[in-house]
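[1] Here you go, sequence then predicted model.
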Amino acid sequence: MDQSSDHLAILFTFLLAGIVKGVTGMGLPTIAMGVLGAFMPPVTAASLLIVPSFVTNVWQLLAGPSFTALLARLWTMMLAITIGTIAASSLLTSANSQWTTRALGCVLVMYSAFTLLARQLSVLPLLERWLSPVIGIITGTITGATGVFVIPAVPYLQALGLNKDDLIQALGLSFTTSTVALTVGLGVGGAFDSSSIITSAVAVIPALLGMRAGTWLRMRFSPIVFRRTFLVLLLLLGLDLVIRAR
């Protein structure tokens with residue numbers, strides 16, 4: 001692609017990712033990493049998603065009523081996500097883009113397949129205290145290596161029995177923490193330059209427009225059908241990345 005085509009592809013990707021997030025409450029970094037990773041190194045894709053991911057996730061985080069209670073409940077998970085992400089980000093910033101592309105594809109396949117096929121899990125309150133930091137460190141390690149925030153944080157948070165509003169806010173808390181930690185890790189690894197920062201900032205516009213459009217669509221179409229379609233496409237995209245990285 002030439003530079004103008006790259007910019008158009010980036011803006012379209014964040015518009016699409018914003019629509020998915022508007023409908024489902026998540027998916028912006030996952031879609032962005034999956035699509036952008038098909039035509040650029042994952043570390044470059046990760047550097048572009050930082051500003052749109054931060055803005056949209058903070059918006060999601062602050063929209064709910066239970067921030068203080070959720071932070072008190074999940075702080076060990078958030079701390080572990082931060083430690084794991086920063087520690088593992090050297091894998092993403094390494095020169096081996098073939099390895100990171102394959103890892104990104106594998107994570108997309110695992111997340112899509114698990115979400116499509118697995119039954120709803122449930123975590124006993126007695127186990128939550130011990131599981132939260134373990135889930136956090138695993139999520140952080142995967143985030144640092146691939147730029148994707150969802151495994152295993154999303155299934156775990158869904159298994160805690162939170163009501164709908166608290167779940168959306170808890171996802172916003174997890175994704176915001178991951179974004180900030182990934183920013184630190186990429187910064188330490190020298191992954192940012194002025195061009196990527198400007199492009200990332202501009203990408204906020206289509207991401208927010210997409211979220212608004214997604215919210216409109218959510219009122220008129222079945223979120224379940226949309227979500228399943230999104231997961232099938234994500235599965236195919238992940239398989240394509242794995243095959244292409246060989």
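    Right, received. Where do you want to start?

[2] Could I get the average pLDDT for the strand or helix carrying Ile224?
    Assigned by DSSP states H and E, Ile224 belongs to helix 223-244. Confidence for helix 223-244, expressed as mean pLDDT, is 81.

[3] Which elements pack onto it?
    If contacts are counted by 3 or more Cβ pairs under 8 Å, 6 or more residues apart in numbering; DSSP states H and E, helix 223-244 sits against helix 3-24, helix 28-36, helix 97-117. Placement of C-beta: from N, CA and C, glycine included.

[4] So which of those helices has the densest surroundings on average?
    Burial of the helices and strands packed on helix 223-244 is given as mean neighbour count (mean count of other Cβ atoms under 10 Å); helix 28-36 ranks first at a mean of 27.

[5] Need the contact partners of the helix or strand bottoming out on mean pLDDT in the chain.
    None of the helices or strands of the chain scores lower by mean pLDDT, DSSP states H and E than helix 223-244, at a mean of 81. If you take Cβ atoms under 8 Å, 6 or more residues apart in numbering as the criterion, helix 223-244 is touched by 20, 23-24, 27, 30-31, 34-35, 37-38, 101-102, 104-109, 111-113, 115-116, 217-218.

[6] relative orientation of that helix and helix 3-24 in degrees?
    For helix 223-244 against helix 3-24, the angle by axes from the mean of the first three to the mean of the last three Cα atoms, to 10 degrees is 140 degrees.

[7] Give me the buried stretch members for helix 223-244, please.
    226-227, 230-231, 234-235, 237-238, 240-242 (16 or more other Cβ atoms under 10 Å).

[8] Among those, pick out the one closest to Ala191, please.
    The closest of those to Ala191 turns out to be Leu241 (Cβ to Cβ; 19.3 Å).

[9] neighbours of Ile86, just the number please.
    Residues within reach of Ile86, counting by other Cβ atoms under 10 Å, total 22.

[10] Counting neighbours, what do you get for the closest residue in space to it that isn't next to it in sequence?
    Nearest in space to Ile86, with sequence neighbours left out and distances taken as Cβ to Cβ, 6 or more residues apart in numbering, is Gly185 at 4.6 Å. By the measure other Cβ under 10 Å, the count of residues near Gly185 is 26.

[11] try Phe149
    Neighbour count for Phe149, taken as other Cβ under 10 Å: 30.

[12] How much space separates it from Arg102?
    19 Å (Cβ to Cβ, to the nearest Å).

[13] again with Gln169
    From Gln169 across to Arg102, the span is 34 Å (Cβ to Cβ).

[14] hang on, the earlier thing: mind checking which of the helices and strands packed on helix 223-244 is nearest Val202?
    Smallest distance to Val202 across the helices and strands packed on helix 223-244 (Cβ to Cβ): 7.5 Å, for helix 3-24.

[15] Return the list of helices and strands in contact with that closest one.
    Against helix 3-24 (3+ Cβ pairs under 8 Å, 6+ apart) you get helix 28-36, helix 42-62, helix 194-202, helix 204-218, helix 223-244.

[16] can you give me the angle it makes with helix 42-62?
    When the same axes, to 10 degrees is applied, the directions of helix 3-24 and helix 42-62 differ by 30 degrees.

[17] hmm, who's touching helix 3-24?
    Contact partners of helix 3-24, identified using Cβ under 8 Å, 6+ apart, comprise 1, 26-32, 35-36, 39-40, 48, 52, 56, 60, 199, 202-218, 221, 223, 226-227, 230.

[18] Could I have the buried ones of those residues as PyMOL selection syntax?
    Applying 16+ other Cβ under 10 Å to the contacts of helix 3-24, the buried members can be selected in PyMOL as follows:
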select buried, resi 26+27+28+29+30+31+32+35+36+40+48+52+56+60+199+202+203+204+206+207+208+209+210+211+213+214+218+226+227+230
